[in-house]
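[1] Return atomic coordinates for the entry below.
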Amino acid sequence: MQTVVLLRLSRYASPGMAFVFTLLSLGQQKPQSVPGIYLNQKRIMLRRFLHNTCILVLCLAAVSPVFTQSQTKEGYAIKNVNVIPMDQERIIPGQTVIVEDGVITKIGPNINPGRKVAIIDGGGKWLIPGFFDMHVHFFYEQGEHNNTCEAELKMMLANGMTTARILAGHPAYLDARRKVSVGVWPGPELIIASPQLVGKWPWPPDFKNYEIVDSKDKAEAAVHRFKREGYEAIKITFMVKAEVYDAIIESARKEGIRVTGHVGPLVKLPRALKTGQQIEHMDEFIEMLLPDTSYNHGQSVSDMNIWRKEAWATVPFLDEDKIPALVTAVKNAGIYVSPTNYFFVSTFGEPMTEEQIKKTAGYRYIPSVIKKERWQNWDHYIKNAPPEASRRRYVQLRKQMAYQLWRAGVPLMAGSDSPEFFVVQGFSLHDELEMFVRSGLTPFASLQTATINPAKYLGVDKQKGTIGPGKQALMLLLDKNPLEDIKNTNTINTVFMGKKWYDKATIEKMLAEAAQILGK
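    Numbering: from 1, shown residues only. Below is the predicted model:
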């Protein structure tokens, strides 16, 4: 009887403890009739063996992981949630969402999840797809070039970012992508663009996330190499000549890799639109509003001209009536656009005060060395700021262009361009969504820029970007309805990443760990 009880106990213990109980039970069994001396020797040997073995196995059991209920279950069910699937503007109340092996299998109001799944009480909260940020960087390329990618990824994930496109690649970022994909690091799924292709590099060369392409041959070689190394897009930034730009586009087309990034004054918007390049920052859009090219040689405040007084002098002459023609040209090109308006408005158009900056949610996560650089740049800009009237007009035009693009059906994508100035990864994505609404988009349209729109651009809309059976379980549980107020995207209760989920306590822990590492 004792043997049976011990074996039954072993079913509910760890594998190591099960083995111990079984061995102990064997030691309790009565031996068959054998000579006394021989029997005593066997008993002594068996007891010694059992004693030593039990000590070994108990030690192993002590260091073995303790499996939680959620890890041993086959999946999970989120009960009593209001689903915002993002396939159209609607809320499906009182639903149960079943997730198995990281994929949504069922959604309905009266589903019996069964005993094999973990139960998560949605508490009548709102379930939406996880967010994409289509323009992110790492602190690694700034300051003292400390690799804090792991902490930054936690910060992104805690803010609801389940997919992040890193625009300006580096081998360390390819490594980060691998560590996230195999589960070594928690974080959003990563899409890594190439090191940025530039015509010149006038800054210190101490961090190599760029490639100088000042000839067609160099451009073709760079595109080929970066595709071979595993980057998922070609990033263009500064001072690229028109003929080199054309070589980049043609090489990328042959290699089957997308091109994204800036449009510089040496290229101009009409040329870029013909290629179908995905455009960041609405570069060269505002130049299309100039009366003619006699104004500062056709250069206004796009790209690096944002720092130049002669470029700001063109702003009073920008013609708002030219926006419809601009929008039509962009629409006909069939491209996706990431305005990154929050960065430009909060930094250059309506620069925050020192007090406002220090109160932002992301401020404490900026490394101290980088903070010092940021404050120097901020002080320089404030002391040399363009006239307030020009800055107000600049903000109004950027918002108006984003709004008119949306109204015309041009697909917009959320991109924070963080970390730039005091714009910090994760937190600033919510600011960008709010900026879309401030520009005139509806909350639903704003949410589209961080869900279904980038999923369609990337060709993964069959897998993510909306909530439905067969989709990856990349979702956010919000305490408040984001369709009522876009600021409610900040009320994240739980982040779902496939097979795993991160509740409020875990989210707060990840943010605390990130702050401890980054905010030194």
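[2] Tell me how many other residues crowd the nearest residue to Thr162 once chain neighbours are set aside.
    In space, Thr162 comes closest to Gly130 once its chain neighbours are excluded; the distance is 2.9 Å by Cβ to Cβ, 6 or more residues apart in numbering. Bear in mind the C-beta positions are built from the backbone N, C-alpha and C, glycine included. When neighbours are counted by other Cβ atoms under 10 Å, Gly130 registers 24.
[3] Pull out the buried positions in stretch 435-451.
    435-439, 441, 443, 445-451 (16 or more other Cβ atoms under 10 Å).
[4] Next step: those restricted to helices.
    Among the buried residues of stretch 435-451, the members found in helices (DSSP state H) are 435-438, 443, 445-448.
[5] And those, which two are furthest apart?
    Using Cβ to Cβ, those reach their maximum pairwise distance at Arg438 and Gln448, which is 16.1 Å.
[6] Turn the ones in helices among the buried residues of stretch 435-451 into a markdown table, including distance to Val103 and pLDDT.
    Rendered in a markdown table, the data for these read as follows (distance: Cβ to Cβ, whole Å; pLDDT from 0 to 100):
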| residue | distance to Val103 | pLDDT |
| --- | --- | --- |
| Met435 | 33 | 98 |
| Phe436 | 30 | 98 |
| Val437 | 32 | 98 |
| Arg438 | 36 | 98 |
| Pro443 | 28 | 98 |
| Ala445 | 28 | 98 |
| Ser446 | 27 | 98 |
| Leu447 | 22 | 98 |
| Gln448 | 23 | 98 |
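[7] will you turn those residues into JSON lines that also has distance to Lys218?
    Converted to JSON lines, those look like this (distance: Cβ to Cβ, whole Å):
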{"residue": "Met435", "distance to Lys218": "37"}
{"residue": "Phe436", "distance to Lys218": "38"}
{"residue": "Val437", "distance to Lys218": "43"}
{"residue": "Arg438", "distance to Lys218": "42"}
{"residue": "Pro443", "distance to Lys218": "45"}
{"residue": "Ala445", "distance to Lys218": "41"}
{"residue": "Ser446", "distance to Lys218": "40"}
{"residue": "Leu447", "distance to Lys218": "41"}
{"residue": "Gln448", "distance to Lys218": "38"}
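[8] List just the nearest of these to Arg374.
    Within these, the smallest distance to Arg374 is 20.1 Å, found for Met435 (Cβ to Cβ).
[9] picking up where we left off before, Leu477 versus the residue nearest to Thr162, what's the distance?
    Look at Gly130 and Leu477: by Cβ to Cβ, to the nearest Å, they are 11 Å apart.
[10] what does Ile128 give?
    According to Cβ to Cβ, Ile128 stands 8 Å off from Leu477.
[11] next one: Ala219
    Computed as Cβ to Cβ, the Ala219 to Leu477 distance reads 46 Å.
[12] neighbour count winner among those two?
    Under the criterion of other Cβ under 10 Å, the comparison of Ala219 against Leu477 puts Ala219 first, with 28 against 24.
[13] and the more buried one, that's in a strand?
    No - the assignment for Ala219, made by DSSP: H, G, I helix; E, B strand; the rest coil, is helix rather than a strand.
[14] So which bits of the host helix or strand of Ala402 are buried?
    Assessed by DSSP states H and E, Ala402 sits inside helix 388-407. Under the neighbour-count criterion of 16+ other Cβ under 10 Å, helix 388-407 has 390-391, 393-395, 397-406 buried.
[15] Show me the residue at the heart of this structure, geometrically.
    Central residue check for the chain by Cα atoms, centre = their mean: the C-alpha nearest the mean position is that of Ala164, 2.9 Å away.
[16] OK, contacts around the nearest residue to it once chain neighbours are set aside?
    With Cβ to Cβ, 6+ apart as the criterion, Ala164 has its nearest non-adjacent residue at 4.4 Å, and that residue is Pro188. Taking Cβ atoms under 8 Å, 6 or more residues apart in numbering as the criterion, Pro188 is in contact with 130, 133, 153, 156-157, 161-164, 180.
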